[in-house]
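>>> how would this look folded up:
(one chain, ligands or ions: 1)
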Amino acid sequence: MELQQPGQQSYVWLITTNRETLVNLIRNTECLLENLVDHGYCSTEESEIIQKYSTTADKVRQIIDLVQCKGEEAAEFFIHILNKVPEAYYDLNSWLTKINFQPSEQIKNLQVTNNDPVTLYSKKLKQELCCDSKFVKSYSQREEMKLQETYVNSTMELVNDKNETMGQINDLSSFFDDTGVINEEGGTIFIYGDAGMGKTLLIQKMQNMWAKGESYSDIKFFFSFSCRRFVIFSANTQLTLKDLLFRYNCHPDNDPEEVFHYILRFPETVMFTFDGFDEMHSNFDLNNVPEVSLPTDTAHPAALFMHLLSGKLLKGSRKVLTARTGCQVPRKCVRKRIMLRGFGTENLKEYTNLFFREPSVQMRVLNHLEANHNISSLCSIPLFCWIIFKCYEHFHCINESHTFSSSSVTLTDIFLLIIEVYLNSSNSGTTRSQVDTYKKDRETLQLIGKLAYSGMDNSAFVFDYDTITSLNISEQYLKLGFLRTVKNYDGCGGNSSFEFFHVTLQSFFTALFLVIDREADTTELLKYFGHCAQSPQQEFQLNLMMCFCAKNHNQIDPFSNIDHLQFINLFLCGLLSKPKQVLLEHLVPPSVLKVKRKALKQQLFRSVKFHLKHLPRSPYLEYNRVHALTHFIWMARCVCETQCEKVGKKVAKGICADYIQLSFCGASSSDCGAISFLLNLYQKEIALELDNNNINDYGVKELIPCFRKLTVVRLSVNQVTDEGVKVLAEELTKYRIIKFLGLYKNLITDFGAKYVAQIIRECPLLHHVMMWGNRIGDEGAQAFAETIRNHPCLEVLSLACNGITSVGGRCIADALQHNTSIKTLWLTENNITDEATESFAEMLKVNKTLKNLWLNNNHITNMGANIMAEALDHNTVLEDLSLHKNPLTLDEKEPFHMTSRIRT
Ligand SMILES: Nc1ncnc2c1ncn2[C@@H]1O[C@H](COP(=O)(O)OP(=O)(O)OP(=O)(O)O)[C@@H](O)[C@H]1O
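Below is the predicted model:
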């Protein structure tokens, strides 16, 4: 673009000499005319005449002629408009920069109206999203709940592609910054978590923050898609990108072409959210996505989606994709991985205080949660927390003194309760017993159950109006609140579609239907066990294949997630359990119930036996180790849901090992209840490895019943805080059988370190303690020092990656002068300087057991290294003094190089 340079500051001259450029690059004449008319530089008649010209270029020529005639002020205001509405005149950006336009004070004070289609569309999107995101959609339509009054941040963690944690994030605005990037090429922020962890609500919160101007201010367009909705498209649907954006979100009122042109030109101003990749069940083969060479080409919506995700379309746009844990996404696309871990103690407190307004009720609820681990661990999953609170609120309204049950509460219990609450609320608050409510509304439950069941086989979570009416589900039933309307995506304003307020509710209704429907025989009842029957080998192979395939960006099968089917089995176990018999007998004849119960029990045993038989087993140290995966957790959940000790005992017997490895199984805190239920019934002592799960302090509390059996407790990378460690100390010191304690990469501070020290002091068999990657400082180090002084058998202590300085280092070194058991001490990555090396040297002169002392990544210089090296002359036991990554200079003459036992 050849631009004419102005010779003097005459705006008329500028316009005249750059006429050609302006005619070529101005595409929006309405904005110019409206502002010129508003401020009297052009009359309405003149504007109308100009608008009659057929081409934009002619209109621009006329406008230029007009402002030239009107003189300097009009010409200056004309350029001021171009400058003030960059969305419309972005092609003139470099011209405006070159002329270094500086309007006079008089012109600056004139208000410029921005009626450009891009800005108007952005405003429209904001308004629409503001309305859409204001209320939480999970709640029944009768009683909407404002997002602002219910959303609290849950625990979010950055995770690398080996599933290792990279630290927490607390702010949704930081999703797009540079922290935690695992792949610079990727453009998608991938957020994952279990069912009900709050992925959808988090997306809603992002929409709301953008729409209210609280965040993402550089984004002009925010397009939200639920992957579930892609099911609606038939295999031969063909759409252009423009259609996908405008028809399935809101439509621009003015000049859609221009808006789309802007989107293509500035993709970095666009944000997409795609919620629920695991639900993107489609007839369309995602592994054979046809290429789209131009953004104007048509393709299947799922293909457009995949191209958006991979950056082939709108490269540079921001994308957020959510899915259930375990769902594979093409690695190449992923920029960051964020795992939702649900509510920790503080989040739960915040949520309680938001949910219950009355301070006295808040206190009471918090006290109940404190007293009942079973309920608080269920509450760590936000969906279940909401259901529990909702039930509490309802029963509390009826009876002020209502409390949470003090006995064990299962997931089936809380779903039975929420249904009761919904049914009762529709009866204008009449209070009936649970049995009466279910008895009276049996038919309703059966019909809704049938609908739920009808969708399960082919993963249909959205029901069109025809399906609803064909099953005789009337308006009245729809209003109960179990189903909510789905925004119409065909853009034609047809009849609404519906979905359950959460897919776990659909699973519950399916199970309820299979139990209460007399026609449903035992084959139907048990069919989902068949779907979920996966041998551990298959699960291993699948995991391997997923890793391998994800690496090659091939063969993605997001539909392999069958949690919704697993939930059906779980609820069947709950509904057909003995404690529920009293209620169920009012809905099904006892004889039918008996047959179903028997069949389920037999099936459960068969599945469990098959699963346990095929679990991989291998010797590990002195143990006979069994390696369990996610399916084992589902099995434990089902068994626990039966609440039957006899079943539990039989299953526990099948474990047949003295070490159970359950790392990376996606176990949550409430799963610890199920694990504990089984292990408590195990005949012998056993080692439990639960590293890299999501159990936090609630999970530790859930394990209380089984600590008496545990010789190894490995709870590393699990968000355990001092509170959890306190529980460990109370429990482990009762039984004193613990040999190995693994708590690395948790949130333990000096306070918690004192409890760990207590465990070391009081448990004489303990030989391994892994505490690296916590928040322990000198006070904690001091506590360890006091306790290791005379410990009889502690062999390995890792305190690496903490905040220990020379003060703590000296205490530990002094204590080691007296210790005769420790062979390995890790103090890597702390803040230890030369000040502590004297103490280490003294210790090395007298210690007769320490073989490995790791002080890598501290602040030790040649001086400190030499002090320790000299001490080694008196020490024959130490094999490895490791000093990598310290500020040492490599000088041949320095004596510490003379000993091969020092590694630098
Ligand atoms: N951060 C949060 N603050 C308050 N409530 C929450 C939060 N996250 C989730 N909830 C509650 O849990 C319910 C379920 O959450 P959501 O639908 O977002 O889960 P999800 O992870 O998308 O589940 P799924 O994988 O099954 O689709 C919400 O409707 C809300 O009641």
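>>> okay, and the beta partners of the residue sitting nearest the centre point of the chain?
The centre of the chain sits closest to residue 340, judged by Cα atoms, centre = their mean, with a distance of 2.6 Å. According to DSSP bridges, residue 156 are recorded as the beta-bridge partners of residue 340.
>>> mind listing what's buried along the helix or strand harbouring residue 78?
Per DSSP states H and E: residue 78 is located in helix 72-84. For helix 72-84, the neighbour count (16 or more other Cβ atoms under 10 Å) marks 73, 74, 75, 76, 77, 78, 79, 80, 81, 82, 83, 84 as buried. The way it works is simple: take the backbone N, C-alpha and C, and place the C-beta from them, glycine included.
>>> for the record, mean pLDDT for it?
Taken as a whole, helix 72-84 has an average pLDDT of 90.
>>> returning to what we had before: going by distance to the ligand, which of the buried residues of helix 72-84 wins?
Nearest to the ligand among those is residue 84, at 39.6 Å by Cβ to the nearest ligand atom.
>>> so what's the gap between stretch 432-447 and the chain middle?
36 Å (Cα atoms, centre = their mean, to the nearest Å).
>>> can you give me the first-to-last residue distance of that stretch?
21 Å (Cα to Cα, to the nearest Å).
>>> contacts for that stretch?
416-417, 419-420, 423-424, 471-473, 477, 480, 509, 512-513, 516-517, 582-583, 586-587 (Cβ atoms under 8 Å, 6 or more residues apart in numbering).
>>> flag every buried residue along it.
For stretch 432-447, using 16+ other Cβ under 10 Å, the buried residues are 434, 437, 438, 441, 444, 445, 446, 447.
>>> for the ligand, see how far away the first one is.
As for residue 434, its distance to the ligand is 23 Å (criterion: Cβ to the nearest ligand atom, to the nearest Å).
>>> same question, the fifth one
Relative to the ligand, residue 444 is positioned 23 Å away (criterion: Cβ to the nearest ligand atom).
>>> can you confirm that residue is in a helix?
Yes - Residue 444: assigned to a helix according to DSSP: H, G, I helix; E, B strand; the rest coil.
>>> ok, back up a step: among the buried residues of stretch 432-447, which one has the lowest pLDDT?
Lowest-confidence member of the buried residues of stretch 432-447: residue 434, scoring 87 (pLDDT).
>>> next one: phi and psi at it?
For residue 434, the backbone dihedrals are phi -60, psi -40 (criterion: degrees, to the nearest 10).
>>> rewinding a little: show me the contacts of stretch 432-447 that map onto helices.
Among the contacts of stretch 432-447, the ones falling in helices (DSSP state H) are 416-417, 419-420, 423-424, 477, 509, 512-513, 516, 582-583.
>>> for these, which one is nearest residue 394?
The closest of the ones in helices among the contacts of stretch 432-447 to residue 394 turns out to be residue 424 (Cβ to Cβ; 7.1 Å).
>>> just say helix, strand or coil for the nearest residue to that closest one once chain neighbours are set aside.
In space, residue 424 comes closest to residue 437 once its chain neighbours are excluded; the distance is 6.0 Å by Cβ to Cβ, 6 or more residues apart in numbering. Judged by three-state DSSP, the three-state class of residue 437 is helix.
>>> other residues contacting the helix or strand containing residue 350?
Assessed by DSSP H and E, residue 350 sits inside helix 345-355. Under the criterion Cβ under 8 Å, 6+ apart, residues 149-150, 152-155, 343, 362, 365-366, 369, 376, 379-380, 382, 385-386, 389, 393, 696-698, 721, 723 lie in contact with helix 345-355.
>>> check those against the ligand, which are close?
Among those, the ones lying near the ligand by Cβ under 6 Å from any ligand atom are 150, 152, 154, 382, 386.
>>> residue contacts, residue 314?
Residue 314 touches 241, 263, 264, 267, 270, 295, 308, counting by Cβ under 8 Å, 6+ apart.
>>> buried residues of stretch 207-222, list them for me.
By 16+ other Cβ under 10 Å, the buried positions in stretch 207-222 come out as 207, 208, 209, 210, 211, 215, 216, 219, 220, 221, 222.
>>> do stretch 619-634 as well
In stretch 619-634, counting by 16+ other Cβ under 10 Å, buried: 620, 623, 625, 626, 627, 628, 629, 630, 631, 632, 633, 634.
>>> tell me the pLDDT at the fifth one?
Spelled out, it's residue 627. Residue 627 is assigned a predicted lDDT (pLDDT) of 89.
>>> what is it paired to in the beta sheet?
Where residue 627 sits in a bridge, its partners, by DSSP bridges, are residue 661.
>>> stretch 412-425 and the ligand in contact?
No - counting by Cβ under 6 Å from any ligand atom, the ligand is not contacted by stretch 412-425; separation bottoms out at 11.2 Å.
>>> gap between that stretch and the chain center?
The answer for stretch 412-425 is 27 Å, by Cα atoms, centre = their mean.
>>> again with stretch 668-682
Between the centre of stretch 668-682 and the centre of its chain there are 24 Å (Cα atoms, centre = their mean).
>>> quick one: average pLDDT of stretch 89-99?
For stretch 89-99, the mean per-residue pLDDT is 87.
>>> hey, C-alpha coordinates of it in PDB?
Only the C-alpha atoms of stretch 89-99 are listed here, as PDB (Å, rounded to 0.1, in the frame of the first residue of the first chain):
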ATOM      1  CA  TYR A  89     -11.500   0.500   9.700                       C
ATOM      2  CA  TYR A  90      -8.700  -2.000  10.600                       C
ATOM      3  CA  ASP A  91      -7.400  -1.800   7.000                       C
ATOM      4  CA  LEU A  92      -6.500   1.800   7.700                       C
ATOM      5  CA  ASN A  93      -4.500   1.000  10.800                       C
ATOM      6  CA  SER A  94      -1.100   1.500   9.300                       C
ATOM      7  CA  TRP A  95      -2.200   4.600   7.400                       C
ATOM      8  CA  LEU A  96      -3.400   6.100  10.600                       C
ATOM      9  CA  THR A  97      -0.200   5.200  12.400                       C
ATOM     10  CA  LYS A  98       1.900   6.800   9.600                       C
ATOM     11  CA  ILE A  99       0.000  10.100   9.600                       C
END
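>>> use 455 as the first number for this chain going forward.
Okay, residue one is now 455; in that scheme the one you just asked about reads as stretch 543-553.
>>> could I get the buried residue list for that stretch?
Buried residues in stretch 543-553 (16+ other Cβ under 10 Å): 543, 544, 546, 549, 553.
>>> circling back: just the ones of the ones next to the ligand among the contacts of helix 799-809 in helices?
Among those, DSSP H puts 836, 840 in helices.
>>> okay if I get the ones next to the ligand among the contacts of helix 799-809 as JSON lines plus pLDDT and neighbour count?
Formatted as JSON lines, these follow (pLDDT from 0 to 100; neighbours: other Cβ atoms under 10 Å):
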{"residue": "604", "pLDDT": "86", "neighbour count": "18"}
{"residue": "606", "pLDDT": "93", "neighbour count": "18"}
{"residue": "608", "pLDDT": "91", "neighbour count": "23"}
{"residue": "836", "pLDDT": "94", "neighbour count": "24"}
{"residue": "840", "pLDDT": "91", "neighbour count": "23"}
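>>> residue 950 is in contact with residue 932, isn't it?
No - Residue 950 is not in contact with residue 932 according to Cβ atoms under 8 Å; the separation is 9.3 Å.
>>> what's the burial count for the closest residue to the ligand within the chain?
The minimum distance from the chain to the ligand, using Cβ to the nearest ligand atom, falls at residue 652 (2.4 Å). The local packing of residue 652 (other Cβ atoms under 10 Å) involves 26 other residues.
>>> hang on, the earlier thing: turn the contacts of residue 768 into JSON lines, including secondary structure.
Conversion of the contacts of residue 768 to JSON lines gives the following (three-state DSSP):
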{"residue": "695", "secondary structure": "helix"}
{"residue": "717", "secondary structure": "helix"}
{"residue": "718", "secondary structure": "helix"}
{"residue": "721", "secondary structure": "helix"}
{"residue": "724", "secondary structure": "strand"}
{"residue": "749", "secondary structure": "coil"}
{"residue": "762", "secondary structure": "helix"}
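>>> which of those has the most neighbours?
The contacts of residue 768, ranked by neighbours (other Cβ under 10 Å): first place residue 762, 26 neighbours.
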